[in-house]
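Enquirer: Kindly generate the corresponding structure for this input.
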Amino acid sequence: MYKQKKTNVLFWNDFDKTFHEISDMFDSMFGAVQKTGYPPYDISSDNEGGTIISVALAGIKRDEVEVFVEGNVLHIKYDKPEDQPWDAESTKTTEEVLDEAFPDKVKKVLHKGIARRSFDLKFNIKENVVITGGRMLDCMLNVYLRKDTGTRVRKDIEIN
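Expert: Next up is the predicted model:
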């Protein structure tokens, strides 16, 4: 005989409320967000009411990434030139990194899972949100946003 398991209704009501509060906060900063799996990113809030978009950019240098706002769209963009080989000077291959790290060892890459392909990650942002800056640290690009008022034009974001 099947016996129904009791659940804590209070827990689920609190969870549902918290989920909707987070969803409302996210919707107040962003409109529709581009759904894509590459590059992976996280969205966090800080203790001052701002938002941080963190994008994992393994193998991509700071000066190879463009971050700009055009209209109400935040772009995080990387263009890998079609004629540029994978092991060009601007981006080291896994083999080159291993050669520098372990010069006295013979190495053979058995699996290449780090993608180095072009992308244009886009976030639609609300009129009252401004990009206050960015920082690249340990292959993570962090872009800082906060609510504000003002007119939108294309604005390039400096990455420190």
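Enquirer: going forward, measure contacts between C-alpha atoms and count neighbours the same way
Expert: Noted.
Enquirer: Ranking helices and strands of this protein by mean pLDDT, which lands last?
Expert: strand 30-33 (a mean of 53; mean pLDDT, DSSP states H and E).
Enquirer: quick one: the helices in the chain?
Expert: Under the criterion DSSP state H, helices of the chain are mapped to 9-29, 94-101.
Enquirer: Lowest mean pLDDT across these, which one is that?
Expert: Note on those: lowest mean pLDDT is at helix 9-29, with a mean of 56.
Enquirer: Any chance you could give me stretch 54-61 in PDB, C-alpha atoms only?
Expert: Provided in PDB are the C-alpha atoms of stretch 54-61 (Å, rounded to 0.1, in the frame of the first residue of the first chain):
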ATOM      1  CA  SER A  54      31.500  36.700 -14.100                       C
ATOM      2  CA  VAL A  55      32.500  35.000 -17.300                       C
ATOM      3  CA  ALA A  56      35.000  32.100 -17.500                       C
ATOM      4  CA  LEU A  57      37.600  32.900 -20.200                       C
ATOM      5  CA  ALA A  58      40.200  30.200 -20.100                       C
ATOM      6  CA  GLY A  59      43.000  30.800 -22.600                       C
ATOM      7  CA  ILE A  60      41.800  34.200 -23.600                       C
ATOM      8  CA  LYS A  61      43.800  37.300 -22.700                       C
END
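Enquirer: Run through who's touching that stretch.
Expert: 39-44, 90-92, 114-116, 139-143 (C-alpha atoms under 8 Å, 6 or more residues apart in numbering).
Enquirer: Quick one, which of those residues are buried?
Expert: The neighbour count (16 or more other C-alpha atoms under 10 Å) marks Pro39, Tyr41, Thr91, Arg116, Met140, Leu141, Asn142, Val143 as buried among these.
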